[in-house]
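In: Sequence and predicted structure, then a few things I'm wondering about:
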Amino acid sequence: MLTERLIHTDFHDLAAVQAEHEAALLALPNVVGVAVGHKYAKGENTGQRCVTVLVDMKLDRELLGRDDTVPGTIGSVPTDVREVGILQAGAGPALAPQRLAEWPELIGWEREHPQEEVAQPPREQFAALSRAVRGQGVMAGAGFAPTTVAKLRPAPGGTSIGHYRGTAGTLGVCCFDYTHAGPAPAGLAMPHRFYLLSNNHVLANCNEATMGDPILQPAIADGGNPATDTIGWLARFVPLRFALDRDRWPINFVDAAIAEGRFDQLDRRIHWIGDLRGINPAPKVGSLVQKCGRASFYTTGAIVAVNATVKVDYPGGRMARFAKQIICAGLSSGGDSGAVVVDIEQRAIGLLFATSTTISVMNPITLVEQLLDIRIAESLTNGRPRG
């Protein structure tokens, strides 16, 4: 079963309890997610296994009806209500089309050259934008742009990236696929195409981009210019399925996309972390993790819940439901979307895509690999990919 492959054996039995009661819990007021994890008391981890209920805001019981409160136990399994705020994806810098409205010459260029690989808008139009954006960061006044928003070639994971008309996010890691692998000596297979991994909402503008669209490093919100900073072209994405109404919630598993780039411009390392040494498909609750992202740079945290089903807000008032997700305490902020989260043994765990004031949400890396048909942390050998 999919659940058993993605959850450590410690929580297999609780996952069954969660599945039985999840729909009823998600229907309660303020509930934005249900998962399994450890119970906390006065901010301390008790180590007791529980069904974790995520709410955007805790309310006094007096303000809720008898049928609207989270039960203290489900059968013999305790529950833990965790206040997390609103879960958001795409909460980075303002979308580029709003900025592009300031540059009529660039808009005219786009209309005349919708599919050209090399753009020719005047560079000086981006100079003021670049200075303004960098002046708002933690290095304001120092005349220095953090490496994560600088142009880097070859480009490592953990740095600014985005669709040429989209928001700024994080390049997760550079990778390859099996679809375009050819024969090689000694029984090996050689990839013929190379990719940059990030989120759908970073590279494909929440399903609205066109295959072959330019991808910039750094992103346009960080001063990137289509004429000089195009690093790849949108190649594949997993479509996002948004809520149809309050009662119809299609299930998503990943917010993920890849752009094809040139081998000599891509670096498989992650900035401040290094080379990946494999993947961890079923991380344990309590495990320490690390990431490097465009907005909050290098940070560490801990996994607090797994097998999460969550409701996530997207730009434009849309919402989406995701299943089988991993929840970390802290770790990220808006603009870190697309970062690959890694354990202390440098094994990839997940692809970060949503955040709140207290937690981060990531897609299991196993599902990202399978749904995009890519590999991020192993050599390409003869035969079909694992899983």
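Out: Sure, I can see it.

In: domain assignment for the chain?
Out: Domain assignment for the chain by automatic domain parsing gives 2-83, 96-269, 281-365.

In: where does the stretch 51-200 of the chain dip in pLDDT?
Out: Low-confidence segments of the stretch 51-200 of the chain, defined by pLDDT under 70: 62-63, 65, 92-145, 178-189.

In: elements contacting the longest helix seen in the chain?
Out: For the chain, the helix with the greatest residue count under DSSP state H is helix 12-26. Applying 3 or more CB pairs under 8 Å, 6 or more residues apart in numbering; DSSP states H and E, one finds that helix 12-26 contacts helix 2-6, strand 31-41, strand 44-55, strand 297-314. For glycine as for every other residue, the C-beta is placed from the backbone atoms N, C-alpha and C.

In: Throw the ones you listed into CSV and include mean neighbour count and distance to residue 225, thanks.
Out: Listed next are those as CSV, based on neighbours: other CB atoms under 10 Å; distance: least, CB to CB, whole Å:
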stretch, mean neighbour count, distance to residue 225
helix 2-6, 15, 40
strand 31-41, 21, 38
strand 44-55, 19, 40
strand 297-314, 22, 23
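
In: wait, which of these is closest to residue 228?
Out: Checking those against residue 228 by CB to CB gives strand 297-314 as the closest, at 24.5 Å.

In: What strands flank the helix or strand that that closest one is followed by, and is each parallel or antiparallel?
Out: Moving toward the C-terminus from strand 297-314, the first helix or strand encountered (DSSP states H and E) is strand 318-329. Sheet pairing for strand 318-329, assigned by DSSP bridges, gives strand 251-252 (parallel), strand 297-314 (antiparallel), strand 359-364 (antiparallel).

In: in strand 318-329, what counts as buried?
Out: Across strand 318-329, burial judged by 16 or more other CB atoms under 10 Å covers 320, 321, 322, 323, 324, 325, 326, 327, 328, 329.

In: ok, so of those, who is nearest residue 29?
Out: Once CB to CB is applied, the member of the buried residues of strand 318-329 that ends up nearest residue 29 is residue 321, at 16.8 Å.

In: Hmm, residue 249 and the closest one touching each other?
Out: Yes - applying CB atoms under 8 Å as the test, residue 321 and residue 249 come out as touching, 4.2 Å apart.

In: Now for these two: what residues contact both?
Out: Listed as contacting both residue 321 and residue 249 by CB atoms under 8 Å, 6 or more residues apart in numbering are 243, 311.

In: quick one, helices of the stretch 51-200 of the chain?
Out: 96-100, 104-112, 124-135, 200-203 (DSSP state H, counting those that start in this stretch).

In: And the next helix or strand past the last one?
Out: With elements assigned by DSSP H and E, the helix or strand that comes after helix 200-203 is strand 214-216.
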